[in-house]
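Fold the stuff below for me.
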Amino acid sequence: MTRVSDELLRAALADAADTVRPEALRPLPARPQRRRRLRAAPLGGLAVAAAATIAVVLLVAPWSQHRRDGASPAFSLAAYTGIDYVLDGPWPTGGQWVRVRKADTGRQIATLPAPKGSSGFRDSADSGDNRTFVLTTADPQACSVRFYRLTLGADGRPKEGLTELRRATLRQQIGEGPDQLAVSRQTRRIAFAGKECGGASARGVITVVDPATGEQRVTRLPPRALASSLRWAPNGRELVFETMGDYLERTLQTLDTATGRISPVPLGIGDGMLCGAAFDKDGTHIVALVRNGRQNRVLWYSTVTKTITRQVPLPPSAPDAATMFEVSGDRIVAVIGDRVHVVTGTKVTTGRVGEDSMAMP
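Predicted structure coming up:
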């Protein structure tokens with residue numbers, strides 16, 4: 001993670017990259033479908049009509065009133081979720097360093113080089129305590145992905161160097177899209193979205209591995225489908241993720257890692273675009289950001305009733321604005337264009353992202 005302007009650039013580049021897949025270069029269908037459009041089964045008119053649209057209080061306030069120390073603005077999107085430290089450096093093409101930084105100020109605390117002979121750090125994920133992180137490196141020639149644990153002390157300094165989780169090594173290719181890595185609480189399980197080794201016929205897979213024992217459970221995806229944006233449920237059993245298939249159409253799904261069952265998440269959003277999703281803190285709902293033209297909203301999908309139970313509108317924005325979305329505890333954060341929206345309960349607090357920084361709510 002880096003400062004918000006960099007994160008927005010990465011989001012825009014990722015969106016652009018999503019539009020090009022070599023194997024998908026073929027004649028378009030008669031009616032080209034919009035990128036990131038949900039393939040959602042209908043909820044039914046009654047369920048949609050019954051979904052409660054929550055009345056919210058919109059506060060457009062100067063962020064200086066909400067900073068932790070009343071001084072420096074926040075460095076990273078992650079600061080809005082209330083965490084202390086972020087990792088800066090992992091990059092899809094391989095970063096040669098990882099830097100530990102304060103989430104609110106960007107102050108560099110420590111720097112660690114990528115393992116010698118590796119491709120560099122590709123991805124990183126927090127295990128939920130903001131102290132234990134997992135990073136990946138990949139060797140495309142050997143078709144392997146390796147995992148490393150980084151543990152921080154209360155002051156943000158590494159307790160020790162990088163520890164390779166040798167039993168977790170996968171014989172696999174890296175996938176496509178953001179957030180191919182997710183780590184459950186206490187680093188008990190690692191989920192990785194990649195591709196089988198092989199040529200054009202290689203299938204997309206989600207692999208769940210126990211780093212202590214090396215036990216692996218591999219779930220193959222439908223042909224031409226690739227997974228991204230993995231998020232664990234609090235129970236450490238279920239995952240919510242996006243898949244990209246033919247003509248770049250995205251779907252939202254869940255995976256029961258105990259049974260391997262994949263289930264669609266029917267949000268019923270029509271022409272709307274899914275711009276992020278994660279489980280809430282109780283694991284009873286999937287919270288998603290949906291955009292449709294200038295309109296933006298956050299909705300809650302019940303994993304029990306399979307319906308939308310709540311919706312919160314956000315202020316309008318430019319249709320093509322870059323977007324980032326995070327869910328942490330009771331706080332939901334969406335950055336859309338140059339605006340940041342923090343949803344807590346039924347209240348939405350909105351502020352403007354600075355040119356080079358973002359302030360702490």
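
Which parts of the chain are helices?
Here the chain has its helices, by DSSP state H, at 4-18, 45-50.

which of these has the lowest average pLDDT?
Looking at the helices of the chain, the lowest mean pLDDT belongs to helix 45-50 (a mean of 31).

what's the pLDDT at the residue nearest to Gly337 when sequence neighbours are not counted?
Using Cβ to Cβ, 6 or more residues apart in numbering and skipping the chain neighbours, the partner closest in space to Gly337 is Ala321 (3.3 Å). (Each C-beta comes from the backbone N, C-alpha and C, glycine too.) Listed pLDDT for Ala321 reads 94.

In contact with Ala321, which residues?
Residues counted as contacts of Ala321 (Cβ atoms under 8 Å, 6 or more residues apart in numbering) are Ile336, Gly337, Asp338.

and what of Asn235?
By Cβ under 8 Å, 6+ apart, the neighbours of Asn235 are Gly283.

switch to 10 Å and redo it
Ser184, Arg185, Phe279, Asp282, Gly283 (Cβ atoms under 10 Å, 6 or more residues apart in numbering).

Over to Gln96?
Gly89, Pro113, Ala114, Ser118, Ser119, Gly120, Phe121.

Out of these, which comes closest to Pro223?
Ser119 (27.4 Å; Cβ to Cβ).

Could you count how many residues lie near the closest one?
Ser119: 20 surrounding residues under other Cβ atoms under 10 Å.

With adjacent residues omitted, what lies nearest to it?
Gly94 (4.4 Å).

returning to what we had before: buried subset of the contacts of Ala321 as a ChimeraX selection?
Here is the ChimeraX command that selects the buried residues among the contacts of Ala321 (16 or more other Cβ atoms under 10 Å):
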select :336,338
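
Just the closest of the contacts of Ala321 to Phe241, please.
Using Cβ to Cβ, these come closest to Phe241 at Ile336, 21.9 Å.

Which positions within stretch 221-229 qualify as buried?
Leu221, Arg224, Ala225, Leu226, Ala227, Ser228, Ser229.

and what of stretch 102-122?
Under 16+ other Cβ under 10 Å, the buried positions of stretch 102-122 are 102-106, 112, 114-115, 118-122.

now swap in stretch 331-349 and tell me
331-336, 338-343, 348-349.

Switch the buried residues of stretch 102-122 over to a markdown table; also include pLDDT and distance to Val353.
Shown next, in a markdown table, are the buried residues of stretch 102-122 (pLDDT from 0 to 100; distance: Cβ to Cβ, whole Å):
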| residue | pLDDT | distance to Val353 |
| --- | --- | --- |
| Lys102 | 93 | 18 |
| Ala103 | 89 | 15 |
| Asp104 | 86 | 14 |
| Thr105 | 87 | 16 |
| Gly106 | 90 | 14 |
| Leu112 | 95 | 29 |
| Ala114 | 94 | 30 |
| Pro115 | 92 | 35 |
| Ser118 | 88 | 34 |
| Ser119 | 85 | 32 |
| Gly120 | 93 | 29 |
| Phe121 | 96 | 26 |
| Arg122 | 94 | 27 |
